[in-house]
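Visitor: what shape does this take:
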Amino acid sequence: MAPKRKKKTEQVRVSSKGSNESQLEGSSTRQSLLERLHPEIITLIVETLAASYDDRDEYSRNKDLCSLACCRLLSVDAERVLYRSLTFWSGGWKAGAIIDKMKSGAAKYVQELAITGYGEQAVRRGRSSRNTYSDVPFAQMTSLRVLCIYRNGENDMYNHVRNPEIFQLLRESLPKNILHTFVYLLPYEAEDLEFLKDQNGLRRLTLHTLPVETRSCELLKNPSFLPKLEHLGLARLEASSSIMMQGLPGRSIHSLEIRTAECIPETWGIFAEQLTILDLSQTAPYKGGSAAFIECVTKNLPNLRLFRISWLLLKYSMSLDLALMLCGELERLQHLEASEIRVYYPGSSQDDLTSCVKLIDEVVAKYSGASLQSILIRSDFSVSNNRTVSRVGDQVWRHVFPSNSRDWLDLYAQKASSTK
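Guide: This is a model prediction of the structure:
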């Protein structure tokens with residue numbers, strides 16, 4: 001009986017060996033198939049995979065791209081897509097590895113860079129300086145188009161201790177005339193913005209607020225500074241902003257974003273006639289009465305074609321008949337083609353989304369204007385909740401969902417921009 005057992009064991013071993021050989025042959029076959037693919041096909045495969053993820057599922061997207069980067073034939077395309085839009089947490093545990101990778105060649109792929117953790121102590125105990133923004137190879141970022149600098153997340157603009165080191169790095173290292181967008185949501189001084197003198201192609205600028213100190217005002221008032229500027233974003237619209245709004249000559253600014261309104265502007269300056277896009281989609285309720293703020297907008301910005309509003313701004317407008325109020329303000333804008341109502345998180349719930357949909361149904365039932373063609377209801381809770389309420393000409397308003405909010409916004413922003 002013993003020999004039979006031995007023979008059976010040998011058979012198992014042989015079978016196992018054959019299985020391993022089969023696996024190796026399969027792997028070799030897959031590698032051979034990849035090698036026969038045209039480089040453009042490989043690029044398309046990687047791009048399609050990256051595009052298949054929702055914007056909010058960045059972790060899974062990057063995890064799969066890292067897996068592809070381990071394959072010799074896919075590594076170049078995978079790294080190019082992986083580093084195209086990069087969030088760099090200054091002082092984070094992966095920061096050193098990311099910097100090493102960028103210095104070894106990946107920096108040239110970076111088109112959008114968000115630096116978070118800025119304003120923290122540059123070198124924390126037990127960490128080397130290469131873990132922080134001070135060692136980011138800006139000089140190698142020849143494809144960089146979007147640069148955003150935050151402290152501890154996009155909306156944290158308080159308790160900031162000014163550290164001018166990063167602006168010195170940008171002045172000395174950033175290639176000239178490559179940026180299209182710069183976002184800095186923290187207090188600043190005039191010398192912090194000096195590096196933008198070498199970025200004449202900049203089209204979108206978002207700041208903590210418009211400046212009040214003399215040197216910064218003089219810099220922004222100079223028509224030769226950022227001559228191609230089209231979009232201005234403000235984390236805070238303050239009382240002093242009205243003065244600066246009158247002093248931005250020589251630019252074709254047609255788009256304005258406001259995140260927090262501290263006042264109702266006494267005058268909109270150059271924006272009164274130029275603005276075709278107003279973004280209040282992240283705006284918190286105005287303490288002086290949101291209805292009064294919206295009324296100020298529609299009275300003073302007659303050429304708006306895309307009007308984006310946050311649900312919270314409407315919800316706390318204190319209007320007795322919210323639908324009637326909103327309908328009247330939208331009718332006042334005779335060139336308005338599209339409007340977005342954003343139910344954003346945090347601050348809203350699923351019940352808010354239900355109330356928002358009901359409100360828009362009431363608004364379109366009352367609306368008697370001719371220009372408005374589409375309203376996007378965008379929820380931060382789930383993409384499947386996004387929908388548009390649209391019509392063609394004077395036809396009946398219809399719900400269409402789920403709606404691709406990014407495509408919708410791109411379409412109507414492009415339309416509004418082309419009529420400036």
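Visitor: residue ranges for the helices of this structure, please.
Guide: Secondary structure of the chain (DSSP state H): helices located at 2-36, 39-51, 58-69, 75-82, 95-103, 165-173, 214-221, 241-245, 271-274, 290-300, 311-315, 322-332, 350-366, 405-418.
Visitor: buried sites along the second one?
Guide: This means helix 39-51. Neighbour-count burial for helix 39-51, counted by 16 or more other C-beta atoms under 10 Å, picks out Ile42, Thr43, Ile45, Val46, Leu49, Ala50. (Glycine included, C-beta is placed from N, CA and C.)
Visitor: separation between Ser255 and Leu186?
Guide: 22 Å (C-beta to C-beta, to the nearest Å).
Visitor: rewinding a little: and Tyr109, which of the helices of the chain is closest to it?
Guide: helix 75-82 (4.7 Å; C-beta to C-beta).
Visitor: and which of the buried residues of helix 39-51 is nearest Thr260?
Guide: Nearest member of the buried residues of helix 39-51 to Thr260, counting by C-beta to C-beta, is Ala50, at 33.8 Å.
Visitor: would you turn the helices of the chain into CSV with mean pLDDT?
Guide: Converted to CSV, the helices of the chain look like this (pLDDT from 0 to 100):
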stretch, mean pLDDT
helix 2-36, 50
helix 39-51, 72
helix 58-69, 70
helix 75-82, 78
helix 95-103, 90
helix 165-173, 90
helix 214-221, 78
helix 241-245, 67
helix 271-274, 85
helix 290-300, 88
helix 311-315, 88
helix 322-332, 92
helix 350-366, 90
helix 405-418, 91
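Visitor: any chance of those in a markdown table with distance to Ser281 as columns?
Guide: Formatted as a markdown table, the helices of the chain follow (distance: least, C-beta to C-beta, whole Å):
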| stretch | distance to Ser281 |
| --- | --- |
| helix 2-36 | 43 |
| helix 39-51 | 24 |
| helix 58-69 | 21 |
| helix 75-82 | 28 |
| helix 95-103 | 31 |
| helix 165-173 | 28 |
| helix 214-221 | 25 |
| helix 241-245 | 19 |
| helix 271-274 | 18 |
| helix 290-300 | 13 |
| helix 311-315 | 9 |
| helix 322-332 | 15 |
| helix 350-366 | 13 |
| helix 405-418 | 9 |
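Visitor: between Ser255 and Leu186, who's got more neighbours?
Guide: Neighbour totals were compared for Ser255 and Leu186, and Ser255 leads with 23 against 20 (other C-beta atoms under 10 Å).
Visitor: any low-confidence regions in the stretch 101-250 of the chain?
Guide: Scanning the stretch 101-250 of the chain for pLDDT under 70 picks out 118-130, 152-163, 242-247, 249-250.
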